[in-house]
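Visitor: Here's my sequence, what's the structure:
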Amino acid sequence: MTQPVSMPWSAPVFGKPPHRWQGVRMAAFPFTPREGAVERILPPGMERVDAPGLITLISYPQTEGIHPYNELVVFVPVRVEGVVGNYVPHIYVTTDEALIAGREIAGFPKKIARVEWNVEGDALRGSVSRWDKTLLTVEGTVQGPLPADGARPAAAGAPTFNYKLIPDPAGDIEIEEITSTPVSLTPREQRVGTARLRCGPSDLDPLADVIPDVEGPMVLMTCDVTIPPGAVVKRITRGELVA
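Guide: Residues are numbered from 1 along each chain as shown. As a prediction, the model looks like this:
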């Protein structure tokens, strides 16, 4: 056995980054957050940026020992240490491998949920549910290829910031830091269309507090994805005031 980098010791769940996938399917939906919602959920050290957020549904195929999984990600634009990127307040995956890797390496606040979406012909349908609560539904229509002068969502080229919070065995905070994770996308195919998204109420997963009903454009993409090693942007001392 090679030296493991994750638990359990005798059967590690994942290896060191970078992690690479080929043929990832992605659907992206820009949205305008509810008034004042982003400010209420940002952790210390992050400042809201007045720009659209992004919702993505993603299907990752098998790669390098990581099994296929689906994912829902919510991005909201922020500024950290003078750099503009995206904070992820909500992210859901369908396997323990994806959850553990995301939490332990970069601090993504991943939860397990049922994430289903598919495109049949020109129709896209999807839903995300957890603990018998429907968190999000989407219905869309594909209209055609992305024009040559069309732009990808801005979030695709910006770093992702997370607030990594890990307690020690006694329940006190042992690791508290802002991390930055770059993501490299190489598109193979891109199409555009329109979609309607709805969020349902849930005390445990309050997506609806941030995301209003959305009707607008969507971008469908098949791409290759590389997630290289990230970095710690700032280590937080518990109780310190962060501007």
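Visitor: only C-alpha atoms for contact and neighbour calcs from this point on.
Guide: Fine.
Visitor: could you pull out the strands for the chain?
Guide: 19-31, 47-48, 53-60, 69-80, 83-93, 110-112, 114-120, 123-130, 133-145, 160-167, 173-181, 184-199, 214-227, 231-235 (DSSP state E).
Visitor: Residues touching the fifth one, excluding its own?
Guide: When contacts are defined by Cα atoms under 8 Å, 6 or more residues apart in numbering, strand 83-93 is touched by residues 41-42, 49, 69-79, 99, 108-115, 155, 158-162, 205, 207.
Visitor: quick revisit: the strands of the chain into JSON lines, with extra columns for mean pLDDT and distance to residue 3?
Guide: Compiled in JSON lines, the strands of the chain are given as follows (pLDDT from 0 to 100; distance: least, Cα to Cα, whole Å):
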{"stretch": "strand 19-31", "mean pLDDT": "95", "distance to residue 3": "18"}
{"stretch": "strand 47-48", "mean pLDDT": "96", "distance to residue 3": "39"}
{"stretch": "strand 53-60", "mean pLDDT": "97", "distance to residue 3": "26"}
{"stretch": "strand 69-80", "mean pLDDT": "97", "distance to residue 3": "26"}
{"stretch": "strand 83-93", "mean pLDDT": "97", "distance to residue 3": "27"}
{"stretch": "strand 110-112", "mean pLDDT": "98", "distance to residue 3": "26"}
{"stretch": "strand 114-120", "mean pLDDT": "97", "distance to residue 3": "33"}
{"stretch": "strand 123-130", "mean pLDDT": "98", "distance to residue 3": "35"}
{"stretch": "strand 133-145", "mean pLDDT": "96", "distance to residue 3": "39"}
{"stretch": "strand 160-167", "mean pLDDT": "94", "distance to residue 3": "23"}
{"stretch": "strand 173-181", "mean pLDDT": "94", "distance to residue 3": "23"}
{"stretch": "strand 184-199", "mean pLDDT": "95", "distance to residue 3": "27"}
{"stretch": "strand 214-227", "mean pLDDT": "95", "distance to residue 3": "21"}
{"stretch": "strand 231-235", "mean pLDDT": "94", "distance to residue 3": "22"}
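Visitor: Redo those strands as TSV? Include distance to residue 4.
Guide: Shown next, in TSV, are these (distance: least, Cα to Cα, whole Å):
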stretch	distance to residue 4
strand 19-31	16
strand 47-48	37
strand 53-60	23
strand 69-80	23
strand 83-93	23
strand 110-112	22
strand 114-120	29
strand 123-130	31
strand 133-145	36
strand 160-167	20
strand 173-181	21
strand 184-199	26
strand 214-227	19
strand 231-235	20
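Visitor: Can you tell me which of these is nearest to residue 9?
Guide: Nearest of the strands of the chain to residue 9, taken as Cα to Cα: strand 160-167 at 19.0 Å.
Visitor: Within its sheet, name the partner strands of that closest one and how each one runs.
Guide: As defined by DSSP bridges, the strand partners of strand 160-167 come to strand 83-93 (parallel), strand 173-181 (antiparallel).
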